[in-house]
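>>> Structure here, sequence nowhere to be found:
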């Protein structure tokens, strides 16, 4: 039997650090429904161009932001009668990690800090979509090198630790965190040094674009006296 | 922009115990493509009947097998140009757990043991779909009560342990397994006793249809001398 098919979109939750805080990209809608509302970037599948769902997601991200997705992960597919006033609608949801410096921002394109998203009016069931992606990303950050995909090409170990702490929401003990990251073998010194407020910091880069899985999850400090 | 939309289906991986082994339900296709091939049950969304993706999945399961899904979980959505010879196709994949006694089997409907699936020719990318669902179900069985959803309404503790062992592929130490399951509080005695080959066994049932999450994962016995 052939029915009229539901609307089908790919919805993107793009995470990046903006002003040192984990943020999500939103676009201002220029069409109904929810015209002039902020919403997650979304796009259709173009069967003549896209070879797969992932390729379609990457194409929309590139067209929208100019950014090549280094990491992209499918989280869930939502579909029901209510989520779109036009009728039955299905959204295949991906989250992607962006080094924020690579991403353009304009009048109809904005970074919203995770903590500010909560009070915002967003189109469709976008709040639910963001929540599920944030939860997946936080869980994975406990045992992978994914937070590093949000950093610029060169970064210091302090920036790296701040990235983990900002995503996970807890502080970590500097010495054991650094030992663990360096022993994992996915970092190399670039030879460059950054001179900031404090003493000069060695800069590092990733040796691989494959996420690294730690054998044990990352834990926060139990005693705040241990935090520098 | 409006494109011709991809084909959209819901694909179901139905797990049950058949002849004491974890098995998957396949149906014989009666239409092209892959006519007369065994395939996973699949169905379309009917926008006038189904209120959500999950409702559509439950409806197809019910129509096909007569079975009310006690547990249903979305695993992934596959979509590309190659998986269906008719063109761009998207499958939203769910696995469901069935108490096998509740499910009808016929000429065009069969249970295939997990170990026998490997060598079988199946339609589309069904092997990949089954693999991903099996992996998810096995992982979740390590720390939840999900294997109990495959048992009949009344079961003995021995049957329960065999269910876990069959899904996980390793043996467990009887005493600590039973203590753990009974302490979790989701089992109650039915008052009935089954008289089998061995000594009579107390029968139990679930007190809740919500999956229980164990605080620690279930482990196999390290020393085979401990297995009864």
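Now that the structure is in, tell me what you want to look at. These numbers come from a predicted model, not from an experiment.

>>> got the buried residues for the worst-scoring helix or strand of chain A on mean pLDDT?
Every helix and strand in chain A was compared by mean pLDDT, DSSP states H and E; the lowest is strand A:109-113, with a mean of 90. Applying a neighbour-count criterion of 16 or more other C-beta atoms under 10 Å in any protein chain shown, the buried positions in strand A:109-113 are A:109, A:111, A:112. C-beta here means a position set from N, CA and C on the backbone, and glycine is covered the same way.

>>> Export these as a markdown table, with columns for distance to residue A:202.
Formatted as a markdown table, these follow (distance: C-beta to C-beta, whole Å):
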| residue | distance to residue A:202 |
| --- | --- |
| A:109 | 34 |
| A:111 | 28 |
| A:112 | 33 |
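
>>> which one among those residues gets closest to residue A:184?
The shortest approach to residue A:184 among these belongs to residue A:111, at 29.2 Å (C-beta to C-beta).

>>> The closest one touches residue A:20, doesn't it?
No. Contact between residue A:111 and residue A:20 fails when scored by C-beta atoms under 8 Å: they sit 11.6 Å apart.

>>> Quick check: residues of chain A near chain B?
A:1-6, A:8, A:44-48, A:50-53, A:74, A:76-82, A:87-88, A:90, A:92 (C-beta under 8 Å from any C-beta of the partner chain).

>>> switch to 10 Å and redo it
Taking C-beta under 10 Å from any C-beta of the partner chain as the contact definition, chain A meets chain B at A:1-8, A:10, A:43-56, A:74-83, A:87-90, A:92-93.

>>> Filter the residues you listed down to the buried ones.
For these, buried by 16+ other C-beta under 10 Å: A:5-8, A:10, A:43-45, A:47, A:50, A:52-56, A:74-80, A:83, A:88-90, A:92-93.

>>> how about the helices of chain A, start to end?
For chain A, the helices defined by DSSP state H cover A:53-65, A:114-117, A:126-141, A:157-168, A:174-183.

>>> now the angle from the fourth one to helix A:174-183?
Meaning helix A:157-168. 100 degrees (axes from the mean of the first three to the mean of the last three C-alpha atoms, to 10 degrees).

>>> which residues sit in contact with residue A:204?
Residue A:204 makes contacts with A:148, A:151, A:153-157, A:159-160, A:181-182, A:186-190, A:192, as judged by C-beta atoms under 10 Å, 6 or more residues apart in numbering or on different chains.

>>> Okay, it and chain B: tell me how far apart.
For residue A:204, the distance to chain B (C-beta to the nearest C-beta, to the nearest Å) stands at 33 Å.

>>> same thing with residue A:13?
For residue A:13 relative to chain B (C-beta to the nearest C-beta), the value is 15 Å.

>>> Please give me every residue in contact with the residue lying closest to residue A:25 once chain neighbours are set aside.
Distances taken as C-beta to C-beta, 6 or more residues apart in numbering or on different chains put residue A:14 closest to residue A:25, at 3.9 Å, once the chain neighbours are dropped. Neighbour list for residue A:14: A:23-27, A:40-41, A:61, A:64-65, A:67, A:69, A:72, A:94-98, A:100, A:103, A:111, A:133 [criterion: C-beta under 10 Å, 6+ apart].

>>> Show me those that map onto strands.
The strands, defined by DSSP state E, take in A:23, A:24, A:25, A:26, A:27, A:72, A:94, A:95, A:96, A:97, A:111 from the contacts of residue A:14.

>>> in the sheet, who's paired with the closest residue to the first one other than its chain neighbours?
With C-beta to C-beta, 6+ apart as the criterion, residue A:23 has its nearest non-adjacent residue at 4.1 Å, and that residue is residue A:111. Note on residue A:111: beta-bridge partners residue A:25, judged by DSSP bridges.

>>> for residue A:111, what are its contacts?
By C-beta under 10 Å, 6+ apart, residue A:111 lies in contact with A:14-19, A:21-26, A:98, A:100, A:103, A:105.

>>> Now for the closest residue to residue A:56 other than its chain neighbours: which residues touch it?
Spatial nearest neighbour of residue A:56, excluding adjacent residues (C-beta to C-beta, 6+ apart): residue A:50 at 3.8 Å. By C-beta under 10 Å, 6+ apart, the contact set of residue A:50 is A:10, A:43-44, A:56-60, B:3, B:6, B:79-81, B:88.

>>> Looking at those residues, which is nearest residue B:166?
The closest of the contacts of residue A:50, once distances to residue B:166 are taken by C-beta to C-beta, is residue B:79, at 32.6 Å.

>>> Surely that closest one and residue A:10 touch.
Yes. Between residue B:79 and residue A:10 there is a contact under C-beta atoms under 10 Å: 9.3 Å.

>>> Quickly list the domain ranges of chain A.
A:7-141, A:146-226 (automatic domain parsing).

>>> Most tightly packed of those?
The highest average neighbour count among these, using mean count of other C-beta atoms under 10 Å in any protein chain shown, belongs to domain A:7-141 at a mean of 18.

>>> Figure out the length between the terminal residues of that one.
One end of domain A:7-141 to the other measures 33 Å (C-alpha to C-alpha, to the nearest Å).
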